[in-house]
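K.L.:
fold the following, please.
(2 chains)
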Amino acid sequence: MTDLTPVLSATWDAKESWTLDTYTDHGGYGALKKALGMAPGDLIQAVKDSGLRGRGGAGFPTGMKWGFLPPDDGGPRYLVVNADESEPGTCKDIPFMLSAPHNLIEGVAITSFAIGCNHAFIYLRGEVTHVYRRLLQAVREAYEAGHLGKDIHGSGFDLDVTVHAGAGAYICGEETALLDSLEGRRGQPRLKPPFPAVAGLYARPTVVNNVESVSSVPAIIERGVEWFTAMGTERSKGMGLFSLSGHVERPGQYEAPLGITLRELLDMAGGMRGGKKLKFWTPGGSSTPIFTDEHLDTPLDYESVGAAGSMLGTRALQIFDETTCVVRAVTRWTEFYKHESCGKCTPCREGTYWLTQILKRLEAGRGTGADIQQLLDTCDSILGRSFCALGDGATSSISSAIKYFREEFDAHVEGGCPFDHAASALFAYEPKAIEEAHA
Amino acid sequence: MTATPEKAAAVETVSLTIDGTEVTVPKGTLIIRAAEEVGIDIPRFCDHPALKPAGACRQCLVDVAAPDREGNVRPFPKPQASCTMTVMEGMVVNTQHTSEAADKAQKGVMELLLINHPLDCPICDKGGECPLQNQAMSNGRTESRFIDVKRVFEKPLALSSEILLDRERCVLCQRCTRFSKEIAGDAFIDLQNRGAMQQIGTFNEDVLNFDGYEPIGVAAEDESGKAFSSYYSGNTVQICPVGALTSAAYRFRSRPFDLVSSPSISEHDSSGSAIRVDHRRGKILRRLADQDMVVNEDWITDKDRFAFAWQNLADRITRPLVRGEDGELHEASWPQALAAAAAGLKAATTGEDAQGAAVLPGARVTLEDAYAYSKFARLALGTHDIDARTRIASDEEQAFLGATVAGSGLGVTFADLEKAPAVLLAGFEAEDEGGVVFLRLRKSLGRQQVFTIAPFLSRGAEKLDATLIPTAPGGEGKALAAVKGSTAASEALKAEGAVIVVGERLAGSPGALTQALALAKRTGAKLVWIPRRAGERAALEAGALPGLLPGGRSVTSASAVQTVADAWGGTLPTGPGRDAAAIVADAAAGKVGALVVGGVTPSDVTGPFAEALERTPFVLSLEVRRGEVAEYADVVLPVAPPSEKAGTFVNWEGRLRGFATAIPTDAMGDHRVLDLLARELGTDLQTGSVADVYAQIAALGSAAKGERPEVPKVETAKVDAKPGASLVLASWHQLVDEGALQEGEPYLAGTGRTAVARIAPATAVAAGIADGVVTVASAHGAIELPVVVTDGMADGVVWVPTKSPGSWVAQELGVEPGALVTVKGGVA
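P.N.:
I've put the predicted structure just below:
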């Protein structure tokens, strides 16, 4: 039995956890002072040794990413924190920043010191104004306390932090689109190479890290590499936030070592809602192929989830019980991708437009025998053909749902949706007529 | 290939295999380009060799395998966009021809591109020459599987009066927006919205229908509030790979397969841009840019593209006209008209009281025409009174041109301009007066320092990131003299390859050309003269100037005169002759017996031109259209417009830009008409054919040592430009204006910039001008224009466009730039 390991979430239940005082009372900014006494190279090595992998979804080793920066040429280099959390199901960074913004800022300070950055940016999803306010307040407090600004704690290290609120586009979570948006341009992914490490923000070397990745750094420095590597599995070290949502008794954030299973997490969360049977779930948000109850014991680490045909992603576990129509769920996700497609490349722009129409017809009982094959073929025309990974993500739920629940799709073709939609709702719900498909 | 062997060896190359064929290309080449090298065509939409890679359409996906660190060739897991990936040594590429995966990927993308495409090819302008149509046939499925609802947009959307957008046809390749940003610098259009509703546009609120929110800030507009006021917008129509962008002038006019395409050269400016004339049953339907990598590359100006209606307007003349005893012009046969013309000219040039004839060929001439005018004046009329420069001109300019430009062959080239580390522009607005010259300079943005001696930083100069040396007209000589020592411009011009560009307007600034020569000598920078009109350089080469004979020979050099006289087999008059201004002034005073007028528009001429025509006993006009000159002419001989004759423009580089007849008609070029007329006068010019003229020019060659005019040494003028009651007039032609060759094309006219008067802030304050309409007045007349107070502008100057709507400077003010005018009104 795996236990919870609250690190990032350790202080969330403390009184006014978002304030500097609370954070400091719990040992906050100790890691920064320690880090400022270390050589930047040693910090990078420590993060490399810890095996910390990017918590934003792709799981790229964080220390290695830092190591890609070219040697210092005297010009500026930037740290950009990707806080544009927008994927359906993913809800870890926002509660984290709401509850422990100083943990992020300490991580930003240490990371900036390690990579030689004097101006860091936090690119926040624009809709979460409450988090924006908390971050602004925390940055102000940190400046006042000398954790940011000039000559931090007498180290000679200067750091400015800018919190930037985006305008609400999923694509801006893609790191190069984020950089364009941060520069004041239209948020669309850039051509790579050059990679951000070489020419990122304002064409300068830039590290783009997820909130959770950066925020994991202070604990690694404070408590040591061994402490961190003691958690997790062989190649997926450390702890992470697992966000349970949907048909569970106690949805929420469960911080546990990587490699924990959904069965264990469900036990902690009080099981499925009303004791119903698990039907399908996403291991890492809506862009990861769905799992079913076969995968209850799949260790939630990068390798095991990958081997089982999905991705660990952002550990956004959306849980759906037997009352849920998979076609309907997939349609909603696909509508999201259609709405959020930036439009730059043909496959994602046109493909999601087409997929949505087919799915809506299926859901409304106006499907044809050719539709399911068409869904698969269209997914095939998007997957691996689009400009960035968002197009790929749009196809995951469709192809995996057809893989596991093909007969349910067939049933929709034959006689429309067999489910009572009110039964899957968590509240009193009057199903609406399905709107006509249009652009 | 012009690359020297040493240079070729210096290029690092990479060898790879594409569809089993080994190919070696320079390092950094894109796969799609490397494939072209071996004749493998990969379908594409967003890719364009002159634009930066975008990777947006995904049509060019291919299978790629490349060696890893150990040298094992490993396939990429996904198909790669060949328009964004550069080649690697040992790479193995399989296109749709050899890879099922690539073929499937391409067919998939094509199917997706077509789901929202209207497939209205039968009524689409692009149908028949459409990359989407063609590639859908070659690389697409035979039938669409899409049975759902297509996205629709209201259509068409007028981006400007000329450019129309059918959004539902658009495949969002971004060629147009990338062209506008990267090449023209006119970022008036961009992507808007996202996903399937993403569209190209001008951020027009009425179109986007912002639902409950408003755009932040205003989209880029020019001063007139026009949204896509670019001189180069037509290029977006040509590079659009579908029928989304069309031009109002050509929309629904023709099918490409009904058109005959003839290569030609644009008659609109001195660049000599290569164009393609598409015509049907003798009528031009459209003109396109032809690729010519040494001159205009892939681009032309909107004037080059759209302004061709002038030659087929209702007032086109195809038969000679002779003024009868009733005082009216009547159609006549060629023999009758030639006889009448010869009689009139003979009367003016023979006899004791003969006042002589003078020739004003205009500056739209080909080399052949210019040569014929030059020879006609000297041999048939016995005069040096010939001047193609019916514009601001001076003796200093003639000396400068004769000494350093005429007969000098290919000098500074477009490539030299592009490579130049520093460029100083004096009396020359690259965008307004140079057309594609501007695009070449802009290509080097960020790698080239540009300085401009001008009254204010024009939009064109701003887009070149130019440093303004604020100068009132007339002060250019002083400004050039001040480029010395450790000034930024002086330092920059010392770099190897730096270029000084002087425009024809410098002729109006005494001493400026003298100082330009001195500056070139001082800094080692190359000097180039870029005139505005297409025929300026040809007129110069052919000696259609009062003091110059062909090849830069001075009429005052005995040996030069002898050489030409020998070659021509006749005697030359003693020179020099009168220049255009003197001819016009003397004619207006009744002191010229006959005028031979070519393509000169009276409203372009400062001075009493109408009076000159009126008072001259005999006026012969050689024109394409029955213009204003015809109203005074005694004989009008019709001549061919460029599309109906063969000839050679000489561009500012000195490059011969020969073109063949696009549309064969009975119309004759000026050179042939003059040949016939000279015979009637008893002189054989032997200018009847292009080949004859070419042979003569080749045999003449250029001036020998000592035969050229002296390099000018003219004292620099002092200009008294300061805020006050009188301001110095500054003016130049905007590219799209009311020039005679732009008549009959209202869609193009609509893209021109609104005429405004500009003055500096301090000058405005001194004159009590804030806003509104001002009256710019000379002793002769006045112009009313909205005023724009322009930051950074030279004080004591007022600028107005030369021939824009409501601002015909020569006709209304009757003075040249540099003159003093008054500015009143404009009180907010």
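K.L.:
spell out which residues of the stretch 151-300 of chain A are next to chain B.
P.N.:
A:169, A:171, A:186, A:188, A:191 (Cβ under 8 Å from any Cβ of the partner chain). Bear in mind the C-beta positions are built from the backbone N, C-alpha and C, glycine included.
K.L.:
export the residues you listed to CSV and tack on secondary structure, neighbour count and pLDDT?
P.N.:
Putting these into CSV (DSSP: H, G, I helix; E, B strand; the rest coil; neighbours: other Cβ atoms under 10 Å in any protein chain shown; pLDDT from 0 to 100) gives the following:
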residue, secondary structure, neighbour count, pLDDT
A:A169, coil, 21, 93
A:I171, helix, 26, 96
A:R186, coil, 16, 91
A:Q188, coil, 25, 95
A:L191, coil, 16, 95
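K.L.:
next helix or strand past the longest helix out of those in chain A?
P.N.:
For chain A, the helix with the greatest residue count under DSSP state H is helix A:389-415. Later in the chain than helix A:389-415, the nearest helix or strand by DSSP states H and E is helix A:421-424.
K.L.:
what residues sit buried inside that following helix?
P.N.:
Neighbour counts over helix A:421-424 (16 or more other Cβ atoms under 10 Å in any protein chain shown) mark A:S424 as buried.
K.L.:
show residues contacting that helix.
P.N.:
A:247, A:320-321, A:323-325, A:328, A:428-431 (Cβ atoms under 8 Å, 6 or more residues apart in numbering or on different chains).
K.L.:
hmm, stretch A:328-338 in reach of chain B?
P.N.:
Yes - using Cβ under 8 Å from any Cβ, stretch A:328-338 reaches chain B at A:K338.
K.L.:
how far is that stretch from where the chain is centred?
P.N.:
18 Å (Cα atoms, centre = their mean, to the nearest Å).
K.L.:
equivalent analysis for stretch A:389-404, please.
P.N.:
With Cα atoms, centre = their mean, you get 17 Å for stretch A:389-404.
K.L.:
what's the answer for stretch B:523-539, then?
P.N.:
13 Å.
K.L.:
shaky segments in the chain?
P.N.:
All of this refers to chain A. Within chain A, the segments meeting pLDDT under 70 span A:433-439.
K.L.:
um, chain B though
P.N.:
Looking at chain B by pLDDT under 70, you get B:1-9, B:209-228, B:828.
K.L.:
point out the residues in it that sit beside chain A.
P.N.:
Close to chain A, as judged by Cβ under 8 Å from any Cβ, chain B has residues B:53-59, B:61, B:77-79, B:84, B:105, B:108-109, B:111-113, B:115-116, B:145-149, B:151-152, B:171-172, B:190-191, B:193-198.
K.L.:
end to end, how far does stretch B:32-47 reach?
P.N.:
9 Å (Cα to Cα, to the nearest Å).
K.L.:
one more: stretch B:22-30?
P.N.:
15 Å.
K.L.:
buried ones in that stretch, by neighbour count?
P.N.:
Per 16+ other Cβ under 10 Å, stretch B:22-30 contains these buried residues: B:23, B:25, B:29-30.
K.L.:
what does stretch B:100-118 give?
P.N.:
B:101-118.
K.L.:
over to stretch B:341-353?
P.N.:
Within stretch B:341-353, judged by 16+ other Cβ under 10 Å, the buried ones are B:341-342, B:344-346, B:348-349.
K.L.:
just stretch A:256-268 next, same as before
P.N.:
A:256-262, A:264-266, A:268.
K.L.:
and which of these is nearest chain B?
P.N.:
Comparing the buried residues of stretch A:256-268 against chain B with Cβ to the nearest Cβ places A:L258 closest, at 24.9 Å.
K.L.:
returning to what we had before: ok, so of the contacts of helix A:421-424, who is nearest B:P256?
P.N.:
Nearest to B:P256 out of the contacts of helix A:421-424 is A:R328 (Cβ to Cβ; 48.7 Å).
K.L.:
mind listing what that closest one touches?
P.N.:
Counting by Cβ under 8 Å, 6+ apart, A:R328 has contacts A:363, A:417, A:419, A:421.
K.L.:
of the residues you listed, buried ones?
P.N.:
Buried, going by 16+ other Cβ under 10 Å: A:363, A:417, A:419, out of the contacts of A:R328.
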